[in-house]
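Asks: With the input below, show me the fold.
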Amino acid sequence: MGQVKKLIDKLIFERSKGDSFLETSTRFKLLVKGIDVKKINDETPDDPKIIEKIYEIAAMLNIKLN
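Replies: Take a look at the predicted model:
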């Protein structure tokens, strides 16, 4: 558990670099793709489908999560 939260946090950090507009737009993009960031915490099960979506979104945004 916790991998989904860590990936989301890293994606948001890498994309926004502290810019609140980019942070909000990244959260919105995740929501549009079916990932509600507000409902994800360290106890959220590591669903392979959600992890795959996060990696797909990161690739679309040219962000490496590894």
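Asks: So the most centrally placed residue in the chain: helix, strand or coil?
Replies: Nearest residue to the geometric centre of the chain (C-alpha atoms, centre = their mean): residue 8, 2.8 Å. Assigned by DSSP: H, G, I helix; E, B strand; the rest coil, the conformation of residue 8 is helix.
Asks: wait, doesn't it sit right on residue 35?
Replies: Yes. Counting by C-beta atoms under 8 Å, residue 35 is a contact partner of residue 8 at 7.2 Å. C-beta: built from backbone N, CA, C; applies to glycine.
Asks: any shared contact partners between those two?
Replies: Here residue 8 and residue 35 share the contacting residues residue 54, scored by C-beta atoms under 8 Å, 6 or more residues apart in numbering.
Asks: Sketch out the strands for the chain, chain order is fine.
Replies: Here the chain has no strands by DSSP state E.
Asks: where are the low-confidence patches of it?
Replies: Within the chain, no stretch has pLDDT under 70.
Asks: need the helices for it, in chain order.
Replies: Assigned by DSSP state H, the chain shows helices spanning 3-16, 20-32, 48-60.
Asks: Quick one: list the elements packing against the first one.
Replies: Pointing back at helix 3-16 there. helix 20-32, helix 48-60 (3 or more C-beta pairs under 8 Å, 6 or more residues apart in numbering; DSSP states H and E).
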